[in-house]
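A.B. asks: Mind folding the following:
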Amino acid sequence: MPGGVVRGASPPSPASPLSLTSATQLASSSLSPADAATSDAAINAAADVPNGDDAAGYQLLEELRASGSGYEPFFEQQFDASRYANTIIQGTSIADSLAALNAGIQRLEDQVHTQVVAHHEDLLARAAGIETLDDVLRMVTTRVDGLRKSTARIRDKLEKPYDKIVTRNAQLARLQVACEILRRTLRYLYLARRLREQLRGGTREIAKAAHTLSEIQGLTADVDLAGVEAVDAEAAFVFQTRRSVEQQAKQMLGNGLEAQSQAQVATALQVFRNLGLLREQVDDALATRLARVRTTAEATFVFDAGSGGGGKNSSASGMDASGVVSATPAMRAALWTRLDKLMNTVYTSVVQVRHLERMLVKKRDPSTQQTFNDLLAAERRASATADAPRSAADTADTPTTLDDTIAGEFWGNVARCLGKVFADACRATPGLMKPFESEFPKLLRICNDLCNRLEAKSPAGSRAVAAAERATLRKSLEVFENAYLSSSLSRMFDPVHVIFPEGGNHPPPANEVAAVCMTLKKELEVAASDAPLLVAVAKNVAKTLKLFCVKAENMQATDPSALSVPMVPGQPAPDALRRNVALTNRVHQVRSAVQALLADTKDAEAAVADAVATANGFVSGVLHPLLDTVARQLADTIADMHAVDFGRGGDGAQAGGMGVIVGSG
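C.D. replies: Numbers count the residues shown, from 1 in each chain. Here you go, the predicted structure:
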């Protein structure tokens, strides 16, 4: 560019004067090298300050400051001439002050004259440099004006092409959008026409129709085609068709699960996959069957004056005149009939869910070759990760699953539902608790029959799953099991307390102890149908045996006569000895009966092992001291026999007495 303009140099603002430094930089950047050298020399010459007699001027100022002639106010930064004049007028000697000021002025003028004379040549050179600087500034101003004009011309040349480019870009973007809308509109119309053809095929083409609907939804997902007349004309048809296909697939899924039809369930699942509703519809199917179980369970415990056993009076329904349900025989029969119906509903629902899960495992997505079950599990994990920041209050009611399978999750929900409905019904109707307490083994047998039926329908190798299902269902009945075990323990304890009255000293007879053993046998026989319940009842039997031992130990005689064994024929045994022997026989009788009842069940036998050891300890505690006493008495008798001289025919009384002793032995 002419003038040697350097890029990056900006002209000074017209509103502010140029400083010496900025003028120098601007001059150097806008002049030719020769002109720049000349201007630099001129500026340097104008800026040089001579250093000759500066010390003399400074010395004069210091002398005036220190002279004490009233010059100090003139050295202040905030000097006020009016205030100084007032101070002089108020003083006593105005003439002296004026004389001092004139003298100072004269000295300063002399010093200035001396400086001018001494630096005459330098001052002339500085004046010449200032004139040169004015020329440089005028040249810079001229060049800056030229630069501004050049910038304006360049702006005019670039602004029009830029505006044209912006306009063309906007037109291109609109054209691309129009082409995309046109392309999607054509595809939309083609798919709508193909959808009509597929609908003519009925349920055989329903999966293809769902795929076409999925494509149509994809066309309108990120581009709004509303307002296009051709699309608007088909929108209502597409919407109605989607609802119809979805409804048909839902009905097909329900019918397929009811009939255990693989073809119908597979087709319905493919339709839901194509429509993007797989997880929603599977969850809806699970929720529908769980709601069916809940409704049946709640209806099981609804008794009114017209229900129960088909009768129309309150006695048949178990409801008394005050409206309170009581456990009448008719009510019990109706309750167990309804429970059988409930278990059939649970069985049907679980079998359907298992069939649904098998089809999810078999069916694969054509594009990814992943099973529907894997896709569903991945979607659920993603949803669980998104919902992870929920608070503890939100997650407290979230049900835990038996395992990661759909059937396992459904079974866990069913077990929790049954447990909750049973507990709520017993709280709302206290009369319902008594049948479950007294006939819990029957309730447990019904539940076990359900598990056996489901296990028979399960594939081979699923014993672990079946065991887990049993444990889950059994856990939902814990409240009734605990109540039954408590009642069972009371039934076992009651006869023990009866035969061992408080403060009594007479051991119970054998027939009463046999009645206690019969009670234990009945409780074990009732629980024999369920191994875990049998073990729990066996623990109650162990507690009963321990109670029997404690009662016997409290009645046991501890005085010395309990160890006195008669060694003479016809001599009666002490009461204390007879009591302890009878108690030992009764404890042995109960212990032997318990061992005989549980001989074929290892788990139950292990549950009473500690109680049997307690009974053995009681028997040993009674017999061992008694046997030791007998042994000592026999030893004394034998020693006496060796001390008698039978050849001398000694004291007849002694010989006769020894004979009695031997005879008694």
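A.B. asks: Contacts only, for P532.
C.D. replies: R474 (CB atoms under 8 Å, 6 or more residues apart in numbering). (Glycine included, C-beta is placed from N, CA and C.)
A.B. asks: One more pass at 10 Å, please.
C.D. replies: L444, R470, A471, R474, E481, D603 (CB atoms under 10 Å, 6 or more residues apart in numbering).
A.B. asks: Looking at the residues you listed, spot the one nearest Q248.
C.D. replies: When the contacts of P532 are ranked by distance to Q248 (CB to CB), R470 comes first, at 38.7 Å.
A.B. asks: Just give the closest residue to that closest one, not the sequence neighbours.
C.D. replies: C451 (4.9 Å; CB to CB, 6 or more residues apart in numbering).
A.B. asks: Now do the same for that neighbour: helix, strand or coil?
C.D. replies: helix (DSSP: H, G, I helix; E, B strand; the rest coil).
A.B. asks: neighbours around it, how many?
C.D. replies: If you count neighbours by other CB atoms under 10 Å, C451 ends up with 20.
A.B. asks: ok, longest helix in the protein?
C.D. replies: helix 120-199 (DSSP state H).
A.B. asks: Can you get me the centre-to-centre distance for that one and its chain?
C.D. replies: The chain centre lies 57 Å from the centre of helix 120-199; the measure is CA atoms, centre = their mean, to the nearest Å.
A.B. asks: before we move on, the earlier item: out of the contacts of P532, which is nearest to A377?
C.D. replies: A471 (23.8 Å).
A.B. asks: how much space between that closest one and T629?
C.D. replies: Per CB to CB, to the nearest Å, A471 is found 55 Å from T629.
A.B. asks: Also A299?
C.D. replies: For A299 relative to T629 (CB to CB), the value is 72 Å.
A.B. asks: out of these two, which sits in the busier spot?
C.D. replies: Neighbours were counted for A299 and for T629 using other CB under 10 Å; T629 has more, 16 against 13.
A.B. asks: Which positions in the host helix or strand of the more buried one come out as buried?
C.D. replies: Per DSSP states H and E: T629 is located in helix 609-643. Within helix 609-643, the residues scored as buried using 16 or more other CB atoms under 10 Å are A611, V612, T614, A615, F618, V619, V622, L626, T629, Q633.
A.B. asks: Test my guess that the third one contacts R591.
C.D. replies: Yes - here T614 lies in contact with R591, judged by CB atoms under 10 Å, at a distance of 9.1 Å.
A.B. asks: show me where the stretch 201-350 of the chain has helices.
C.D. replies: Along the stretch 201-350 of the chain, counting by DSSP state H, counting those that start in this stretch, helices occupy 206-219, 229-259, 262-275, 278-300, 314-317, 329-362.
A.B. asks: mind listing what D449 touches?
C.D. replies: Neighbour list for D449: D340, M343, Y347 [criterion: CB under 10 Å, 6+ apart].
A.B. asks: Can you add distance to I406 and give those back as JSON lines?
C.D. replies: Compiled in JSON lines, these are given as follows (distance: CB to CB, whole Å):
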{"residue": "D340", "distance to I406": "27"}
{"residue": "M343", "distance to I406": "21"}
{"residue": "Y347", "distance to I406": "17"}
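A.B. asks: which one of those residues sits closest to L186?
C.D. replies: Y347 (54.0 Å).
A.B. asks: Now find how far off-centre stretch 248-257 is within its chain.
C.D. replies: Distance, centroid of stretch 248-257 to centroid of chain: 34 Å (CA atoms, centre = their mean).
A.B. asks: All good on my end, thank you.
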